[in-house]
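# everything below, folded, please.
(chains A and B)
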Amino acid sequence: MATEKRFSDKLKTYLLFAGPTTLVFLTVIILPFLFGIYLTLTNWDGIAKTYTFVRLDNYLTVFKDPVFWNSFLLTVRYVLYTVVIVNTLGFILAYALTGNSVRGQNLLRTGFFIPNLIGGIILGLVWKFIFSTVLVFIGRSLEIGALSYSWLANPNKVLWTLIIVSVWQYSGYMMIIFIAGLSNIPRDLIEAATIDGASGFHRLRSIVLPLMVPSFIVTVFLTIQRGFMVYDVNLALTDGGPFKSSELISMHVYKKAFLAQQYGVGQSQAFLLFVLVAAISLTQVYFTKKLEVEA
Amino acid sequence: MRTLQRTLKILKSISLYALLVIYLSPFFFVLINSFKSRREIISNPFNFPDVWSLNNFINAFQRMNFASAFFNSLVITIFSVVIIAVLSSMTAYLFVRTDWRINKIMFFAMVAAMLIPFQAIMIPLVQIYGGLNLLNSRWSLIYMYLGFGSSFAVFLYHGFIKSIPLELEEAAMIDGCSRLQVFFKIVFPLLKSTTLTLIILNVLWIWNDFLLPSLVLISPVNRTLPLTTFYFHGTYTSDYGLLMAALMLTILPVIIFYALTQKHIIKGVMEGAIKA
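Model (predicted):
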């Protein structure tokens, strides 16, 4: 259906249909991305008119910076727990809420999804109140030692507040993706297995889970991506404290660049983070793809 | 055997509903405490308020400039979402229907760029647009949302347009319609369900977004709802009743929107995830 024969006609059509998109894509994504790589090679503080090239010094600084790696490892721990719990809970919810075995199935689905509608900042502030006031009140009234002081003030427990809120926030979202996957599993396959005498657990393990691998690829990918990039909940709930014990990597990068004014180092951290997360995500997709089976 | 199965079924229902109550309880606590004074909240956050007074809500509404923040969020979300849908569908249409080399390069670049997280771009983005004095404007923010939203949108439309048969368009072209007319009269209406999916996903993202607007919108008059709520919390840290009322004010519009459109939202998330 190519009606444009001449180059000038092609150019006109391209500019008309794809011109604006191309312009915003280049100026908002590609240009900053390239300029970002350039920034990592300088010692610019964001204000000075002049700056010098420092070659790979920024990257060396990052590699040798224990605070960066502490924050990164903390984030890895957070991501591991979140990925496992979110996907387990999301799958259990989806499995329980398909096939009309429960009255009010749609109401339950709708309800579990609600936290996803509200932004991380608001969710963080809601839970700040729950952790600092409601749970402490329960702990003191019922004399439960672990709850009688705010977890937000305890460096050993504060990471768990972030994990709890993220699990609460994302399990409903992943549930929806799992429900979509479960409804694509052919009914007759399950029925045949039931007639052959397979128990519920057996059906789940040998038929449902293998066929759900494509859904897991998506949900695990999404949880890893969002986990490494989490910022809003971190800021509103803990602000990295107490004593940086909950400063996840995104917040660390933000503070390095915008508060400490070390743009070169901050951007090197951000770029390194991008490479690490991309590598982790692609490895995950590559290995989980191998688990896929045909129905 | 029958009775055992029935008991199990009832147990399953009870535990699911119990879990739902736990899930939604944080909102419930915010709600009942939003009517109370600080003293009442600290003495017992579980009590219902002595008097159901709207004072906290009125105060919060005025002091956080709710109306202005809500309006800013509305303008930014509506403009971004609509423009992303129109421009991206046009682009995807061109990419599917013509096989020029530039199309392939651009499409590949856009899909690859979806892997780049916002954090890898935010520092140079602020540097570049700050240097050009383009920060602190709602229109700059909308422009950036077009950039961050168009890759996924083009990708989503691309997948769907491929499945539309060519015959209708060819007939229209023979009748003398230009490519642009063909697109808006024939193709765009066929994309309705994809457009709806995209709009839902983008509304959820842009309405709730914090980091990008916090970097772009500097002066208080431009702030969106999440920004205003966050800074309000920083100012009135210990006035719990007021804070809870502010949170309720921010949450309520979303819940109402959800109640009206929940079927589409759930469907949109399912389709978005399957295609992505």
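# which residues of the stretch 51-200 of chain B fall in helices?
For the stretch 51-200 of chain B, the helices defined by DSSP state H, counting those that start in this stretch cover B:55-63, B:66-97, B:101-113, B:119-131, B:138-161, B:167-174, B:179-182, B:188-190, B:192-208.
# just the closest residue of chain B to chain A, please.
Chain A sits closest to B:Gly147 of chain B, with a gap of 2.4 Å, by C-beta to the nearest C-beta. The way it works is simple: take the backbone N, C-alpha and C, and place the C-beta from them, glycine included.
# how much space is there between the closest residue to that residue other than its chain neighbours and A:Ser183?
Excluding the flanking residues, the one nearest B:Gly147 by C-beta to C-beta, 6 or more residues apart in numbering or on different chains is A:Val28, at 2.4 Å. According to C-beta to C-beta, to the nearest Å, A:Val28 and A:Ser183 sit 37 Å apart.
# pick out whichever of these two has more residues nearby.
A:Val28 (22 against 12; other C-beta atoms under 10 Å in any protein chain shown).
# doesn't B:Leu146 make contact with that one?
Yes. Contact between A:Val28 and B:Leu146 holds when scored by C-beta atoms under 8 Å: they sit 7.2 Å apart.
# hmm, who's touching stretch A:252-259?
Outside stretch A:252-259, the residues within contact range by C-beta atoms under 8 Å, 6 or more residues apart in numbering or on different chains are A:46, A:67-68, A:71, A:231, A:240, A:247, A:262-263, A:265-267, A:269-270, A:273, B:119, B:122-123, B:126, B:211, B:215.
# pull out the buried members of these.
Buried subset of these (neighbour count, 16 or more other C-beta atoms under 10 Å in any protein chain shown): A:46, A:68, A:71, A:231, A:240, A:247, A:262-263, A:265-267, A:269-270, A:273, B:119, B:122-123, B:126, B:211, B:215.
# and the residue of chain B closest to chain A, how many residues sit next to it?
23.
# cool, and A:Phe63?
Neighbour count for A:Phe63, taken as other C-beta under 10 Å: 12.
# can you spell out which helices and strands pack onto the lengthiest helix in chain A?
Longest helix in chain A, counting residues (DSSP state H): helix A:66-96. On a contact count with 3 or more C-beta pairs under 8 Å, 6 or more residues apart in numbering or on different chains; DSSP states H and E, helix A:66-96 meets helix A:158-182, helix A:213-229, helix A:249-254, helix A:263-289, helix B:2-33.
# TSV please, covering the ones you listed and showing mean pLDDT and distance to B:Ala67.
Listed next are these as TSV, based on pLDDT from 0 to 100; distance: least, C-beta to C-beta, whole Å:
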stretch	mean pLDDT	distance to B:Ala67
helix A:158-182	94	28
helix A:213-229	91	32
helix A:249-254	92	30
helix A:263-289	89	36
helix B:2-33	90	21
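# just say which of the ones you listed is most tucked in.
helix A:249-254 (a mean of 25; mean count of other C-beta atoms under 10 Å in any protein chain shown).
# and B:Ile199, how close does it get to A:Ala180?
19 Å.
# now do B:Ile266
Counting by C-beta to C-beta - B:Ile266 and A:Ala180 are separated by 9 Å.
# B:Leu212 now?
29 Å.
# got a list of what the residue most central in space within chain A touches?
With distances taken as C-alpha atoms, centre = their mean, the residue of chain A nearest its centroid is A:Arg226 (1.2 Å). Contact partners of A:Arg226, counting by C-beta under 8 Å, 6+ apart, are A:Tyr170.
# what about B:Leu135, how many residues nearby?
18.
# quick one, phi/psi of it?
phi -80, psi 180 (degrees, to the nearest 10).
# now the residue of the stretch 101-250 of chain A found nearest chain B: how far from B:Thr229?
Among all residues of the stretch 101-250 of chain A, A:Gly119 sits closest to chain B, at 2.9 Å; criterion: C-beta to the nearest C-beta. Separation of A:Gly119 from B:Thr229 (C-beta to C-beta): 9 Å.
# same question for B:Ile256.
From B:Ile256 over to B:Thr229 (counting by C-beta to C-beta), the distance is 17 Å.
# who's more crowded, the two?
Applying other C-beta under 10 Å to B:Ile256 and B:Thr229 shows that B:Thr229 carries more neighbours, namely 26 against 10.
# what ranges of the chain fall below the confidence cut-off?
If you meant another chain, say so; for now it's chain A. A:1-3, A:46, A:294-295 (pLDDT under 70).
# um, chain B though
Looking at chain B by pLDDT under 70, you get B:1, B:275-276.
# enumerate the residues of the stretch 151-295 of chain A near chain B.
Proximity of the stretch 151-295 of chain A to chain B, by C-beta under 8 Å from any C-beta of the partner chain, involves residues A:168, A:172-173, A:176-177, A:179-180, A:218, A:222, A:225, A:228-229, A:231-232, A:235-236, A:250, A:253-254, A:257-258, A:263, A:266-267, A:270-271, A:273-274, A:277-278, A:281.
# pull the contacting residues for B:His264.
Counting by C-beta under 8 Å, 6+ apart, the residues that B:His264 touches are B:Leu196, B:Ile200.
# okay, and it sits in which element?
In the assignment (DSSP states H and E), B:His264 maps to helix B:240-275.
# list the buried ones in that helix?
Buried residues in helix B:240-275 (16+ other C-beta under 10 Å): B:240-251, B:254, B:258, B:262, B:265-275.
# need the contact partners of stretch B:103-110.
So stretch B:103-110 is contacted by A:Ala18, A:Thr22, A:Phe25, A:Ile30, B:Leu94, B:Phe95, B:Ser150, B:Ser151, B:Val154, B:Phe155, B:His158 (C-beta under 8 Å, 6+ apart).
# list the contacts for the last one?
Taking C-beta under 8 Å, 6+ apart as the contact definition, B:His158 lies against B:Ala92, B:Phe95, B:Val96, B:Phe107.
# what of the second one?
A:Thr22 sits next to B:Thr91, B:Met106 when contact means C-beta under 8 Å, 6+ apart.
# ok, and for the helix or strand harbouring it, which residues are buried?
A:Thr22 is located in helix A:7-24, with elements delineated by DSSP H and E. By 16+ other C-beta under 10 Å, the buried positions in helix A:7-24 come out as A:Lys10, A:Thr13, A:Tyr14, A:Phe17, A:Ala18, A:Gly19, A:Pro20, A:Thr21, A:Thr22, A:Val24.
# I appreciate the help and will end here.
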